[in-house]
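Q: model the following, please.
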Amino acid sequence: MKYNFDEVNNRLGTYCTQWDYIEDRFGEKDLLPFSISDTDFKIPKPITEKILEVAKHEIYGYTRWNHHDFKSSICEFYKRRHNCDMKEDWVLYSPSVMYSVSLLIRLLSKPKDKVVTFNPMYDSFFTVVEDNDRILVSHSLKHENNTFVIDFNLLEEQLKDASILLLCSPHNPTGRVWTKEEMEKMVGICKKYDVSIISDEIHMDILIKDRLHLPLLKYYDVYKNIYTASSCSKTLNVPGLIGSYAIIPDEKIRDAFLHQTRRKDFLNSVSIFGMYATMVGYTSCDDYIDQMIEYLKGNMKYVEDFIRDNLKDFSFEIPDATYLAWIDARKVPFTSEEIQDALVHVGKVAIMKGEVYGDNGAKYLRMNCGCPRSKLEEGMKRLKKAMDWLYEQKK
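A: Model prediction:
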C-alpha cells in the first residue's frame, strides 16, 4: 500500500517524550523538537490492524515469546533484507536493546574490565559501561573527507587489554555504515586478542545512501565471540509497544542471559503488542520500510540544500544511514552554548548538541529528520532565524 509520510500527526498530550517533555532536556516548553530518536510517522497499517484485532479480544494475559512465529520472523527478515542466516535458537526476547547491551556487558566481562567504543557515541553507551563498573575506553573517530573513520592502529592498541568492543552499526550519531573492509578489520583484531563484540544494530534498516549494512552475525564463521542487540522499533516507530531481541550464538552465554531474565529480573512474559509488532513488522511491512527510506532521502537532501544555500558556516554530508542529520558547526564563530541558547530562546527549536555524544562531537548538531517535510522545513527556518540573530548580535 501507499503511505503518506507528509501527514502531520499531533503527538501533544500523548505523554510523548519528544513533544510533551521537551522541557526536561532543553529547559523550555513550546519548542519544535528534533531530539529523541523516534519518528513522527504513523506505524505500518498491518501492525495497526493486528493491534486492534488483539485489543478487541479484551484479554491480555501472560504471553510467551519463545516460539517459532516470533523467532522465525526475525530470522527470515535478516535473510530477506540483509542476506544473513542464523538459527532460531540464537534469538532471545529482550525488553529493550540497551537492556540487552547492559546484560551482555555483565556476562562477557568483569568489573573494572575495559570496554572500547567509538567517540562520538550514542549517549547511553557512556552510562551502560560506567554504571556497570567497567572502564570506558573512548576511541575518537578521525575526521576525514567529511566523514568519520576508524584509526585502526590506535584501535588495536586499545583492544589489546580490553574485554569488549561495543559497536553501534550503523553508527549513531554520525550515520556511518561500516564498510566490508572496516568490519573485517574490527573482527580480525578482536579475534586476535579474544575480545567480545557487542553490536547495537537498531538502525540497520534505515539505509540512506547506496550502502550495504553488514550484520555482525555475517562474521560468525570467522569469529564466534559475537553478540547482536536490535529491534524493529526505530524502523517501524513502535518503541512504546516495548520489545527487542538479542542474537546470541554461544549456548553458555545464551543460557546465562535467559537465567538472568527469567530468574533474577523476572522478564518471563513479553508485551503482547510488542511481540506482534515485531512479527507483523518483520513479515508484512517491507513496503513501509522502502517508502520511508525514499522519503527520508528527500528529507536529507532538503537539509543539505538548505544548509548550502542559507547557513554558509555550517556543512552537512548526507549520512549513510539513520534518520539523524549530523550537522558540522565547527566553522561557526560561536560556542556550542551560544548556538544552543539561540536555538532554544530565539529559534524556539530543539536540536541536540554534539557534545552530548562525547567530546569528539563538539560543535556538531544532531537533528532528527524522521518527520513530515513541513516540520523539517519549519525547523530549518528556525535554525536560520537563531543563527541570523547571533550574527546580528556580533555586528
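Q: export stretch 90-106 to CSV, keeping only CA atoms.
A: What follows is stretch 90-106, C-alpha atoms only, in CSV (Å, rounded to 0.1, in the frame of the first residue of the first chain):
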residue,chain,number,x,y,z
TRP,A,90,20.0,-17.9,18.9
VAL,A,91,17.1,-15.4,19.1
LEU,A,92,16.1,-14.2,22.6
TYR,A,93,13.5,-11.7,23.6
SER,A,94,14.5,-8.6,25.5
PRO,A,95,12.5,-5.6,26.6
SER,A,96,15.0,-3.1,25.0
VAL,A,97,18.2,-3.0,23.1
MET,A,98,20.0,-1.3,25.9
TYR,A,99,18.8,-3.9,28.4
SER,A,100,20.5,-6.5,26.2
VAL,A,101,23.7,-4.4,25.9
SER,A,102,23.8,-3.9,29.6
LEU,A,103,23.3,-7.6,30.5
LEU,A,104,25.8,-8.8,27.8
ILE,A,105,28.4,-6.4,29.2
ARG,A,106,28.0,-8.0,32.6
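Q: can you count the residues close to Tyr302?
A: 16 (other Cβ atoms under 10 Å). Using the backbone N, CA and C atoms, a C-beta is placed for each residue, glycine as well.
Q: one more: Phe152?
A: Phe152 is flanked by 14 other residues according to other Cβ under 10 Å.
Q: relative to Ser199, how far out is the residue lying closest to Gly370 once chain neighbours are set aside?
A: Leaving aside its chain neighbours, Gly370 sits nearest to Thr39 (3.3 Å; criterion: Cβ to Cβ, 6 or more residues apart in numbering). Here Thr39 is placed at a distance of 23 Å from Ser199 (Cβ to Cβ, to the nearest Å).
Q: now swap in Leu104 and tell me
A: 10 Å.
Q: please apply the same query to Ile307.
A: Ile307 is 31 Å from Ser199, by Cβ to Cβ.
Q: now stretch 208-219, how far from the centre of its chain.
A: 14 Å (Cα atoms, centre = their mean, to the nearest Å).
Q: ok, Leu376 - contacts?
A: Residues in contact with Leu376 (Cβ atoms under 8 Å, 6 or more residues apart in numbering) are 299, 302-303, 369.
Q: specify which member of the residues you listed is nearest to Gly175.
A: Closest approach to Gly175 among these (Cβ to Cβ): Cys369, at 10.5 Å.
Q: hmm, the closest one is touching Met300, no?
A: Yes. With contact defined as Cβ atoms under 8 Å, Cys369 reaches Met300; the gap is 6.2 Å.
Q: what's the overlap in contacts for those two?
A: What both Cys369 and Met300 touch, as defined by Cβ under 8 Å, 6+ apart, is the set Ala325.
Q: next, His139: secondary structure please.
A: At His139 the chain is in strand, as set by DSSP: H, G, I helix; E, B strand; the rest coil.
Q: let me see the contact set for it.
A: 116-119, 150-151, 154-155, 158 are the contacts of His139 under Cβ under 8 Å, 6+ apart.
Q: cool, and Phe334?
A: 342, 390, 394.
Q: out of those, list just those in helices.
A: Among the contacts of Phe334, the members found in helices (DSSP state H) are 342, 390, 394.
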